[in-house]
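J.: no FASTA, just this:
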């Protein structure tokens, strides 16, 4: 009983350290409005359903899609040395990591380079270094997924061709409805990122007169 109690009591501080470490690194800085805190956390969640759907349908080969998941048609232009299932997993991880950068628009590491980074640790992140890529990403994502939605509504793919019978986002069968449910949240990725970028730029520029040259405080 004593060892069990000791084990449980040891787990709690470990969980607390993880929680405190996460909050210290990714928690919002002063001046971030509540809506921006929520939006920054929602952005990775807009990507998660489609990532899970791809892994389930292609990597795990679950029967949730009518499109081919093996053979040349499924691989497209993917190099022969790259397994399709592995590629989908890597693509999904990369998508999630890219989406998670939105958290930097509200967190301290988006304003001051973490001190553990050699050479530049502790320096203030230039506003343009964060704003320009984020703004370009927001415009690109908004345009891309809006075009996808408009094309599907017209019964065509993004190349303007009529949808094939095995098109995965066909709403006329349950597999297509499931795929649509997984991909629809991506419509919010660009607009949310755009709103976060504007809020970040305003907050940083308002604070610029108070920044000291060279290394930032903290």
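T.: Structure's in. What do you need? Treat the numbers as computed from the prediction; the structure is a model and nothing was measured. Numbers count the residues shown, from 1 in each chain.

J.: Run through the helices of the chain in chain order.
T.: Ranges of helices within the chain are 2-26, 34-54, 72-75, 84-100, 127-153, 174-183, 189-207, based on DSSP state H.

J.: Quick check: which of the ones you listed is nearest to residue 108?
T.: Minimum separation from residue 108 across those (CB to CB) falls at helix 2-26, 7.5 Å. Placement of C-beta: from N, CA and C, glycine included.

J.: pLDDT on that closest one, on average?
T.: For helix 2-26, mean pLDDT rounds to 59.

J.: hmm, back to that, pipe the helices of the chain into CSV and attach mean neighbour count and distance to residue 168 per row.
T.: Shown next, in CSV, are these (neighbours: other CB atoms under 10 Å; distance: least, CB to CB, whole Å):
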stretch, mean neighbour count, distance to residue 168
helix 2-26, 10, 34
helix 34-54, 18, 9
helix 72-75, 12, 11
helix 84-100, 15, 13
helix 127-153, 15, 11
helix 174-183, 17, 5
helix 189-207, 19, 19
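
J.: Out of those, the one nearest residue 164 is which?
T.: Taking those one by one with CB to CB, helix 72-75 is closest: 10.3 Å.

J.: Which residue lies closest in space to residue 89, excluding its sequence neighbours?
T.: Nearest residue to residue 89, sequence neighbours excluded (CB to CB, 6 or more residues apart in numbering): residue 59, at 5.6 Å.

J.: related to what we said a few turns ago, in TSV: the helices of the chain, plus distance to residue 64.
T.: Below are these laid out as TSV (distance: least, CB to CB, whole Å):
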stretch	distance to residue 64
helix 2-26	32
helix 34-54	7
helix 72-75	15
helix 84-100	14
helix 127-153	18
helix 174-183	6
helix 189-207	22
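
J.: which stretch in the ones you listed has the least confidence?
T.: Looking at the helices of the chain, the bottom one is helix 2-26 with a mean of 59.

J.: hang on, the earlier thing: among the helices of the chain, which is nearest residue 120?
T.: Among the helices of the chain, helix 127-153 comes nearest to residue 120, with 10.8 Å by CB to CB.

J.: Helix 84-100 and that closest one, what's the angle between them?
T.: 130 degrees (axes from the mean of the first three to the mean of the last three CA atoms, to 10 degrees).

J.: Among the helices of the chain, which comes closest to residue 111?
T.: Closest among these, using CB to CB: helix 189-207, at 6.8 Å.

J.: Could you check the angle the closest one makes with helix 84-100?
T.: Using the same axes, to 10 degrees: helix 189-207 against helix 84-100 is 30 degrees.

J.: Between helix 34-54 and helix 189-207, find me the angle.
T.: 150 degrees.

J.: got the contact list for the residue positioned nearest the centre of the chain?
T.: Per CA atoms, centre = their mean, the C-alpha nearest to the average position across the chain is that of residue 99, at 1.8 Å. Neighbouring residues of residue 99 by CB atoms under 8 Å, 6 or more residues apart in numbering: 43, 44, 46, 47, 189.

J.: Just name the closest of the residues you listed to residue 156, please.
T.: residue 189 (22.1 Å).
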